[in-house]
Structures are given as structure tokens and as C-alpha cells.
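**Student:** Structure for this input, please:
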Amino acid sequence: MTTTTETRKFEAEVAQVLHLVTHSLYSHKEIFLRELISNASDACDKLRFEAIANPALTAGDGELHIDVSWDKAARTVTLRDNGIGMSRDEVVANIGSIASSGTRRFLEALGEEKKADARLIGQFGVGFYSAFVVADRVTVLTRRADAAPEDGVRWESDGRGEYTLDAATLPERGTTIVLHLKDGEDDFLDGWKLRSLVRKYSDHVAFPIRMPKEAPPAAEGEDARAEAAPEWETANDASALWTKSKSDIPDDDYKAFYKSLGHDFNDPAAWTHNRVEGSQSFTTLLYLPAQPPFDLMLGGRDERKGLKLYIKRVFVMDAAEELLPNYLRFVRGVVDADDLPLNVSREILQQNRQLERIRGACVKRVLDLIEKLSRDEPEAFAAFLKAFGNTLKEGIVEDHGNRERIAKLLRFASTKGEGATQAVSLDDYVGRMPPGQDPIWYITADGYKAAAGSPQLEAFRAKDIEVLLMFDRIDEWMLGHLHEYAGKPLKNVAKGELPLDAADKAKQDEAAQAAAPLVERIKSLLGERVADVRVSARLTDSPSCLALADYDMAPHLARLLREAGQDIPDSKPTLEINPQHALLQRIEGESDDAKAGDLATLLLEQAEIAAGAPLPDPAAFIQRVNRLLLG
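**Tutor:** Numbering: from 1, shown residues only. As a prediction, the model looks like this:
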């Protein structure tokens, strides 16, 4: 056992978190109590699970609980749990560093908001540091359940960049956190205040949160007695919310449980609570957040939260990813199963047939919930889609069985509306389709303005045909798997040749025949830069555009993938031209091949820019434009 005091520096990001927490979190300071109680509850949950395989861990102290006490004279608030505890290495890993890949975004968010409040704190696994909002020194005493008394650890810091580690002899397992309060934080030395905060934030923690029973003041003339050991009383409901009947749970209790579960300061957007009875029995309580955690996308698809899994009310897993598909990773909640083995592991979960039914039920409940939100609360649904719509789109690729249900929930901008924030569903589009139109037409681009202003829409606008405008980066990938909806094929206006009626086809053939010499000249001028040149049926006002084969990748997507380091094979575009445009007529009448070459190349380059493709030689493009302007 190490007997000397060891002083260490926090990792750089921890030091930044501590600085911002200490200097920026002015509102809702009381959130520290919720976060520390939540950590203590997790420690009790983990011990109860480990004790299934090793009952000796709880020998002599099987009643798990969390104690909250205060000392007005010493100006301290103390939280103690008799949960799993931590070893020296775990203390360093859990308190001295931050593993969350969303931490950088957390720091940026706090840095941007000078008076950011504590609604952010728990979403990044940094809830412990909220103690420094109210304390100028924090002491942690902890001993792992499977360690000897002399293997305890004492951690202490003033939150200014360093912490100390000492060995400590601790007769009991678990963790004690002592907060030495800053001046001006005396509110938290009041028993009534602390009790009210426990009821507000942690009432449905499934372990007793005990507080000292406050004795009445001594009567006048009564001898003062030596201070006795405190008599503890439970301050919270201490029952698992999901085990109660829905009719017995008010909305405020559901919201409070979500905030504790999701480390969120906001109310959830919606929730669903269900009990399934039969050959396989289980309970689900699932929430849709109102706001996304900052690390939802930045943390990557590997940064999963999952659902809390309980088996017969025994905590088993904090982030059971197998209970929901990846595209629903924003959902928070609890699953309590009656029929899974208590010694379940992630490997067993992956192969467990019973789990497939639970997973299917969870997916159905979540999609039902989102559909209900779309019907009953349009404004809340619009906010939900703004937060999680792109994540939901991943389900088009991942969940073939629910592809149509997911597609029904998506919303897009349209040429029939105004602005990028329209909410046009595929059902809206199909309901407005005129007789004789078969495809659902769409265009993809790098942004709303690029989509709405694309020259490839000109013929559709002229014929009053609605086109969906898709400009999120995920859309092109998603549409590679969404080939039809409600029996209608989805077709990109920029791909393939447009289907024309007999009259339009005859007109198009006549225009192509008349422009054949011009087409051949432009092919000759552009040479290897194009796969083909042809007269366009898409254009009415613009001189040119790019046309893609049915399975070609959109230029803006190819550019993004190359920028991300992907190996994307080069492909030559097909250039479509509008022979009636003055620029084409100038090329046709230009006798100087050098000028004609500049004009033809500019024709191609402006089509590439409109399609979101990078120019191969921007400097040459500028020189070419300058020559034409001066000539």
C-alpha cells in the first residue's frame, strides 16, 4: 500500500471543464446534488449486479442506500453510498480524466455561453465536476467492494488544476464525497433545502436516499446531551418508477425521472410506458429528448448511450445498445425484463432470441411515439425533426422492415413552398401529384439555395411539377436505399434522361437535330473533360447543366467524401446545353477557336459549380473569365 501523498495534474480538458464550471455556471447551482446522487445510484446498481456472481461483496451490508448529510459548523455537505466503490486506478481514470468524445463540444458550448447553466453538465459524463459550482474543495474517500480496508483511496482537490491521492484505511466499502462549501452557499447547509432538492431531482432513484432526522430543539433548562449518532430517515420515494401503474404516475414524475435518467435539464418531448405480459414479460419506459446531446453526431456512431437494462429490477447494463437500432440512439429509457438470465453479458445479448422480441417492441413503441407526436403536436414534432431528423434518416438504410414507416415521418423542403424550413412529407407530395405523374421527383445539393436555384429544375418549374429539395449531407446516401414510396419510384431530376410525352419528345428530337453541329463543336472543344454533350430537356433559362447517369454519385457528395479521405474514382460528366441561350449562340458564331474554347470550358465550369463539383483548376478559371471580360 502506498503511504505517501501523490500530487497529480488534471488532464488539460478536465482543467478546462473545471475552470468553466467554476466561473460560468451561475444558474441552477443545485444541479450538483442530482449529479452526485445519480453517480451514487449507478455505484449501487453496479454493486448489486456484481453481487449476483459474488454475493460476498455485500456480506454484512446488503441494504444499499445513499446518505446525504450536512455540518453547519464545518460548512460541509457529505454524500455517501455503500455501492461498488473505486480502486486507485479507477479514481484516476474516472475523476482525473474525461473519456467522452463530446467533451470538446461541451467546452465550446460553455465557452460560447458566458452564463451557460448546468443543463449541459451531465450529458458528457462530467457530472462529478458540478460539485465545484458550490464547493471550493472536494474530498473523496472510496474503497472498492472487493478490496481490503487498507486499500482505500483519499482524493482531494480545490479544482484549480491539481489533485492529491493518498492511501486510506476505510472499514466500509463505497464512496464518500465531502463538499467544503464556498462562501455564500449557506443555503445548502439547510436540511429543508436539501430535502426539497432530493424530492425535486432524485425522488425516483431506486435506492433509499437517507438524511438525518432533525431533532426538535431542547426545551429551556434541559441539559445538553452528548451528540448521538444520527437517526436516518428516507427522503425519496425509493421505488422504480417504471414498476408503477401508469395511472398512478403524474406527468411531473415522468419528467423528473427523465431528467435524472438523461442528465438533462429540459423536459422530454414525449414518452411511452408499457408493460407486456405473456410468454415473455417486460416493461419499457422510453423517452424522446427535446434537445440532442452535443455529442450525438460529434461523438460518432460508436459513441452510443443505449437504454438501461434491468432484469427483475436488478440493474444489468447502463448502455444496452442491443435494445434499439443505431438510428434510434437518441432515445433514453429503461427496459426491465423478467425472462432474461441474470448473468447476461453483451455477448449473450447479441445472440439472445428473447431479446429480438424486446428490441422489436422497443422500435415499434418509439416509432408509434414519433407518429403520435407528428399527429398531435406539430410544433413539437418540427422541433424534434430539427434535432433528430438526420439521425432518423439512418433508419432508411439500417431498418429495411420499417423503411416505409420511417420515410413517412421525414419532412423536406419543396419547390411548392417557401424557405428551407418547410415540412413537406412524402404523403403530402403524393397527394398533390397530378394525373399521369409517376415518379416522386427530388434533387440533392450542398445547401438549400443550391438546390432551389439549380438549373436542372427549370423544366419542372415550367411544367408546374413539384420537386423535393434535399440538401442534408446524409440525403444522397439515404436515397441510395429509398427507391420507392407508396408504390411510387423516387427519381433525381439530375439523373438519366427525362421521360417526355410524344409532343415533347418530337420537339426535343427536332432541337437536337438542329443543334447537332454545335454539339459536335463543343465536344471537340472540351475533348477529354466530358463523357458526352447533348441538348437538354431540363433547361429553359440557363445555358448548361450536368446530367448524371442513374447510378452516378452526385458531385457535391463525391467532393465531401474526397475531403473526408475516401477514395472516390474520377468520372467524366455529361454536359447538357440549351441551344437557345445567347451564350451557346455566341459559341456557335465564334470563329476564333481559342475564344470558343474559353466559352465552352466556361460553360462546363459553371455547370460544375452549380452542381457542387470542385473546379479542377480555379486559377485557370479566373484567367479564362478575365480574358472573356476584357475581350
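**Student:** tell me the strands in the stretch 201-350 of the chain, going along the chain?
**Tutor:** 209-212, 232-234, 270-276, 282-288, 307-311, 314-320, 332-337 (DSSP state E, counting those that start in this stretch).
**Student:** rank these by mean pLDDT and give me the bottom one.
**Tutor:** Per-stretch mean pLDDT for the strands of the stretch 201-350 of the chain is lowest at strand 314-320 (a mean of 74).
**Student:** what stretches of the stretch 1-150 of the chain score poorly on pLDDT?
**Tutor:** 1-3, 12-13, 17, 19-28, 96-126 (pLDDT under 70).
**Student:** all helices in it, in order from the N-terminus.
**Tutor:** For the stretch 1-150 of the chain, helices defined by DSSP state H, counting those that start in this stretch occupy the ranges 12-24, 31-53, 88-95, 103-112.
**Student:** check contacts around the residue found closest to Arg173 once you drop the neighbours it is linked to in the chain.
**Tutor:** Spatial nearest neighbour of Arg173, chain neighbours left out: Ala145 (4.3 Å); criterion: CB to CB, 6 or more residues apart in numbering. All C-beta spots, glycine's among them, are computed from the backbone N, C-alpha and C. For Ala145, the contact set (CB atoms under 8 Å, 6 or more residues apart in numbering) comprises Leu47, Glu50, Leu57, Thr58, Gly83, Ile84, Gly85, Arg173, Gly174.
**Student:** out of those, what pair is the most spread apart?
**Tutor:** Glu50 and Gly174 (13.2 Å; CB to CB).
**Student:** Between the two, tell me which one has more neighbours.
**Tutor:** Remark: of Glu50 and Gly174, Gly174 carries more neighbours, 26 against 16, as counted by other CB atoms under 10 Å.
**Student:** For the nearest residue to that one once chain neighbours are set aside, grab the count of nearby residues.
**Tutor:** Excluding the flanking residues, the one nearest Gly174 by CB to CB, 6+ apart is Asn82, at 4.1 Å. Residues near Asn82, counting by other CB under 10 Å, number 24.
**Student:** need the strands of the stretch 201-350 of the chain in a markdown table with distance to Ala511, can you?
**Tutor:** Below are the strands of the stretch 201-350 of the chain laid out as a markdown table (distance: least, CB to CB, whole Å):
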| stretch | distance to Ala511 |
| --- | --- |
| strand 209-212 | 80 |
| strand 232-234 | 84 |
| strand 270-276 | 55 |
| strand 282-288 | 53 |
| strand 307-311 | 60 |
| strand 314-320 | 61 |
| strand 332-337 | 59 |
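**Student:** among these, which is nearest Asp368?
**Tutor:** Among these, strand 270-276 comes nearest to Asp368, with 7.0 Å by CB to CB.
**Student:** What angle do strand 282-288 and the closest one make with each other?
**Tutor:** 170 degrees (axes from the mean of the first three to the mean of the last three CA atoms, to 10 degrees).
**Student:** Show me what strand 270-276 is packed up against.
**Tutor:** Contact analysis of strand 270-276 by 3 or more CB pairs under 8 Å, 6 or more residues apart in numbering; DSSP states H and E lists helix 251-262, strand 282-288, helix 353-376 as its packing neighbours.
**Student:** if you set the cut-off to 10 Å instead, what comes out?
**Tutor:** Applying 3 or more CB pairs under 10 Å, 6 or more residues apart in numbering; DSSP states H and E, one finds that strand 270-276 makes contact with helix 251-262, strand 282-288, strand 332-337, helix 353-376, helix 378-398.
**Student:** related to what we said a few turns ago, for Glu50 and Gly174, list the residues in contact with both.
**Tutor:** Common contacts of Glu50 and Gly174 (CB atoms under 10 Å, 6 or more residues apart in numbering): Gly83, Ile84, Ala145.
**Student:** what about the first one, neighbour count?
**Tutor:** Taking other CB under 10 Å as the criterion, the count of residues near Gly83 is 27.
**Student:** Also the second one?
**Tutor:** Ile84 is surrounded by 25 other residues when neighbours are defined as other CB under 10 Å.
**Student:** Roughly how far does it sit from Asn94?
**Tutor:** 12 Å (CB to CB, to the nearest Å).
**Student:** Which residues are in contact with each of these two?
**Tutor:** Shared contacts of Ile84 and Asn94 (CB under 10 Å, 6+ apart): Thr142.
**Student:** Throw the helices and strands packed on strand 270-276 into a markdown table and include mean neighbour count and distance to Cys545, thanks.
**Tutor:** Below are the helices and strands packed on strand 270-276 laid out as a markdown table (neighbours: other CB atoms under 10 Å; distance: least, CB to CB, whole Å):
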| stretch | mean neighbour count | distance to Cys545 |
| --- | --- | --- |
| helix 251-262 | 19 | 47 |
| strand 282-288 | 24 | 41 |
| strand 332-337 | 24 | 46 |
| helix 353-376 | 17 | 36 |
| helix 378-398 | 18 | 27 |
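**Student:** Would you tell me which of the ones you listed gets closest to Tyr448?
**Tutor:** helix 378-398 (13.8 Å).
**Student:** which strands and helices sit next to the closest one?
**Tutor:** Using 3+ CB pairs under 10 Å, 6+ apart: helix 378-398 touches strand 270-276, strand 282-288, helix 295-298, helix 353-376, helix 403-409, helix 475-479.
**Student:** which stretch in these has the least confidence?
**Tutor:** helix 295-298 (a mean of 45).
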